[in-house]
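Q: Quick one, fold the following:
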Amino acid sequence: MGKLIGIDLGTTNSVCAYMDRRDPIVIINAEGGRITPSVVGISKNGERFVGDIAKRQLLINPEATIHSIKRFMGRRYQDAEKDMALVQYKVVETKNGDTAVEIGDRRYLPQEIAAMILQKLRKSAEDFLGEQVTEAVITVPAYFTDRQRQATKDAGTIAGLDVLRIINEPTAAALAYVHDRRKSSTIAVYDFGGGTFDISILEVDRDLAEVRATRGNNQLGGADIDRKVVDWLLEQFNREHGIDVSEDKVVLQRLRDAAERAKLELSSAMETDIHLPFLLADAGGPKHLQCSLSRYTFESLAQALFDETIEECQRALQDCRLAPDDVDEIILVGGSSRIPKIQEMVKGLFERPLNKTFNPDEVVAIGAAIQAGILEGDVKAVTLLDVTNFSLGIEVEGRRAAKLIPKNTTIPAQKTQLVSTVVDNQRTVKIHVLQGESPLARENVSLGEFELQGIEPAPRGVPRIQVKFAIDANGIVQVSAKDSRSGVSNAITIDAPTGLSQMEIDQLREEHATQGADVEEPEEVKQLRGQIEKQLVSLESFLRDNRGFLQKKDVFEIEQALKRGRMALLKSSDKGNLDELSMYLARFFAHLADKTGAGDTPIH
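A: As a prediction, the model looks like this:
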């Protein structure tokens with residue numbers, strides 16, 4: 001058995017960690033970073049690039065660079081329209097109504113893309129630990145549905161991992177909090193990430209952590225905040241130049257990148273300048289975008305989204321019948337929780353100081369690693385009582401939904417309900433299992449159905465059919481039905497189908513393992529790629545530091561050199577071509593240094 005790791009598979013970034021005896025350690029990736037961008041680039045010949053290198057090619061090839069795939073995991077195409085507006089790649093509908101990504105003539109399921117990210121994390125972990133990694137604990141948003149959880153587990157399987165446990169992200173953060181602590185308290189985990197938002201209220205008592213309530217929104221995150229800024233930038237450009245560029249995917253990606261950088265800068269500054277030269281060119285010449293965005297304007301643009309998170313917090317408190325001042329500590333999770341206005345609003349709601357002892361980007365992975373350590377037996381077990389994130393029930397007469405297990409019920413749990421027939425002498429009853437909060441059956445998620453046959457004939461309402469729901473600690477749902485008169489029974493285990501059979505999952509796992517072997521490059525090519533990557537980073541830094549002193553022609557030439565370098569890294573594995581590119585970049589940088597008087601400024 002290989003090493004067991006914990007993985008936070010995030011919308012924007014992913015992190016993995018492991019337990020070194022009693023201490024959780026974040027794993028350093030191949031690029032030397034603690035976080036890995038959840039971005040995948042696909043070249044024309046099918047080569048895959050994951051992480052930092054893929055994120056950098058977003059600006060030049062957005063249609064073949066996949067980000068935010070987590071928002072499409074386990075989602076029906078008809079339910080994902082809002083999320084499609086946040087990406088520049090093509091999202092299509094599969095035969096069974098699910099979502100897929102189309103790059104060239106190939107379609108990729110979200111599980112496949114997520115598997116590529118997980119493979120990258122697994123490889124980094126194996127290199128870091130010096131041993132094989134075969135098992136993992138993976139986290140998901142607390143408000144993920146059963147289909148989304150199963151899709152995440154399938155992604156792990158395709159990546160060659162045995163996923164021992166899927167746990168909620170706020171719950172993982174709580175595990176990090178209670179690790180090596182003996183303090184009883186009520187805590188709120190405010191998890192505002194790149195693509196989702198969750199709030200969980202937990203009661204912690206020594207080695208017991210009980211989730212009291214959870215709320216959330218799987219379509220609310222930092223990407224939605226970025227989109228507000230992008231819309232504002234589109235207005236600024238249209239106002240200045242009278243041109244609508246909202247359909248230009250390359251321009252949109254440059255605006256999205258600028259919006260994300262502006263958001264980060266405004267966490268420490270009151271105003272930031274946004275300068276995008278040569279955003280567009282037409283018969284009248286090049287068109288640039290230069291404007292200033294203040295923190296006040298930024299907060300005004302995103303205020304409605306901030307308010308949504310506070311409303312979810314208030315609902316979670318109502319669900320567990322607590323007042324804001326009953327909460328002792330607030331843990332912030334996710335990159336978006338760093339926004340000053342968010343911190344101000346959360347602090348104002350709970351009237352408590354915020355716990356900033358944890359890195360919001362890493363605390364979930366650390367909690368997952370602790371859970372992995374518990375499963376391995378290396379860490380003292382913490383009794384963790386989680387809850388159902390949605391209500392569970394069955395369809396009854398009038399196409400209504402009858403709740404058997406309400407949301408926020410502590411699991412494991414079970415509930416029994418008596419039902420009967422709706423017409424005289426009815427011999428068969430269909431049990432339709434639903435998940436959701438609506439009183440109308442059609443507005444809830446169908447988890448599955450089965451029939452109970454052989455019921456003894458009787459007037460309507462006379463048969464007594466016992467329907468039993470049971471949920472285990474992993475969230476697996478089992479539903480059974482039994483006729484008390486005839487003794488006939490039937491049952492179903494809800495496996496949250498995601499459109500992939502076990503055979504298809506095994507085939508994808510084998511295919512991805514083979515692809516991973518096929519793209520293995522010679523060591524000298526890897527080193528050359530790393531050298532070029534450093535040269536491009538140096539060139540980017542030079543442009544950032546000297547933009548104000550450079551002529552427009554020089555800026556244009558630098559951006560073209562960066563584009564050439566990124567495209568070459570993406571498409572070429574030929575040592576000769578890469579060697580030539582490296583020499584070109586070195587000469588180009590030396591030329592720039594001479595022109596600007598930068599002297600011996602080195603390029604790695």
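Q: ok, the nearest residue to residue 75 once chain neighbours are set aside - contacts?
A: Of all residues not flanking residue 75 in the chain, residue 99 sits nearest, at 5.4 Å (C-beta to C-beta, 6 or more residues apart in numbering). Just so you know, the C-beta spots here come from the backbone N, C-alpha and C atoms, and that holds for glycine as well. Taking C-beta atoms under 8 Å, 6 or more residues apart in numbering, we find residue 99 in contact with 72, 75-77, 80, 91-93, 110.
Q: Could you grab the helix/strand/coil label for residue 99?
A: When classified by DSSP: H, G, I helix; E, B strand; the rest coil, residue 99 comes out as strand.
Q: Buried members of the contacts of residue 99 into ChimeraX, please.
A: Burial among the contacts of residue 99 is assessed by 16 or more other C-beta atoms under 10 Å; the matching ChimeraX selection reads:
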select :72,75,76,77,80,91,110
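Q: Inside helices: which ones of the contacts of residue 99?
A: In helices, defined here by DSSP state H, the members of those are residue 110.
Q: Could you save the contacts of residue 99 as a markdown table and add columns showing distance to residue 527?
A: Formatted as a markdown table, those follow (distance: C-beta to C-beta, whole Å):
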| residue | distance to residue 527 |
| --- | --- |
| 72 | 36 |
| 75 | 40 |
| 76 | 45 |
| 77 | 43 |
| 80 | 41 |
| 91 | 37 |
| 92 | 39 |
| 93 | 43 |
| 110 | 34 |
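Q: what is the rounded mean pLDDT of the helix or strand where residue 113 lies?
A: Secondary structure from DSSP states H and E places residue 113 in helix 110-129. Mean per-residue pLDDT for helix 110-129: 91.
Q: got the CA coordinates for that helix in PDB?
A: Taking C-alpha atoms only, helix 110-129 is exported to PDB below (Å, rounded to 0.1, in the frame of the first residue of the first chain):
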ATOM      1  CA  PRO A 110     -15.200  17.100 -16.500                       C
ATOM      2  CA  GLN A 111     -14.100  14.000 -14.600                       C
ATOM      3  CA  GLU A 112     -11.300  13.500 -17.200                       C
ATOM      4  CA  ILE A 113     -10.100  17.100 -16.800                       C
ATOM      5  CA  ALA A 114     -10.200  16.900 -13.000                       C
ATOM      6  CA  ALA A 115      -8.300  13.600 -13.300                       C
ATOM      7  CA  MET A 116      -5.500  15.400 -15.100                       C
ATOM      8  CA  ILE A 117      -5.200  17.800 -12.200                       C
ATOM      9  CA  LEU A 118      -5.200  15.000  -9.700                       C
ATOM     10  CA  GLN A 119      -2.500  13.100 -11.700                       C
ATOM     11  CA  LYS A 120      -0.400  16.200 -11.500                       C
ATOM     12  CA  LEU A 121      -0.900  16.400  -7.700                       C
ATOM     13  CA  ARG A 122      -0.200  12.700  -7.400                       C
ATOM     14  CA  LYS A 123       3.000  12.900  -9.400                       C
ATOM     15  CA  SER A 124       4.200  15.900  -7.300                       C
ATOM     16  CA  ALA A 125       3.400  13.900  -4.100                       C
ATOM     17  CA  GLU A 126       5.400  10.900  -5.300                       C
ATOM     18  CA  ASP A 127       8.400  13.100  -6.300                       C
ATOM     19  CA  PHE A 128       8.200  14.900  -2.900                       C
ATOM     20  CA  LEU A 129       7.800  11.800  -0.800                       C
END
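Q: Give the next helix or strand downstream of it.
A: With DSSP H and E, the next secondary element past helix 110-129 is strand 133-140.
Q: which strand in this structure runs the most residues?
A: Criterion DSSP state E: the longest strand present in the chain is strand 271-282.
Q: ok, and for that one, which residues are buried?
A: Buried residues in strand 271-282 (16+ other C-beta under 10 Å): 272, 274, 276, 278-280.
Q: That strand pairs with which strands, parallel or anti?
A: strand 285-294 (antiparallel) (DSSP bridges).
Q: after the worst-scoring helix or strand of the chain on mean pLDDT, next one along is what?
A: Lowest on mean pLDDT, DSSP states H and E among the helices and strands of the chain sits helix 502-518, with a mean of 64. Downstream of helix 502-518, the next assigned helix or strand under DSSP H and E is helix 523-546.
Q: Contact partners for residue 437?
A: By C-beta under 8 Å, 6+ apart, the residues touching residue 437 are 390-391, 407, 444.
Q: per-residue pLDDT, it?
A: 85.
Q: again with residue 364
A: In this model, residue 364 is scored at 92, pLDDT.
Q: now do the one 4 residues further on
A: Here, the pLDDT recorded for residue 368 equals 92.
Q: Go ahead and confirm it touches residue 14.
A: No: using C-beta atoms under 8 Å, residue 368 makes no contact with residue 14, being 11.0 Å away.
Q: Looking at these two, which one has more neighbours?
A: Comparing residue 368 with residue 14 by neighbour count (other C-beta atoms under 10 Å), the higher total belongs to residue 368, at 33 against 27.
Q: quick one: the more buried one and residue 7, what's the gap?
A: In this view, residue 368 and residue 7 are 6 Å apart by C-beta to C-beta, to the nearest Å.
Q: what's near enough to touch residue 124?
A: 16, 27-30, 36.
Q: quick one: which of those has the most company?
A: In terms of neighbour count, residue 16 stands highest of the contacts of residue 124 at 30 neighbours, by other C-beta under 10 Å.
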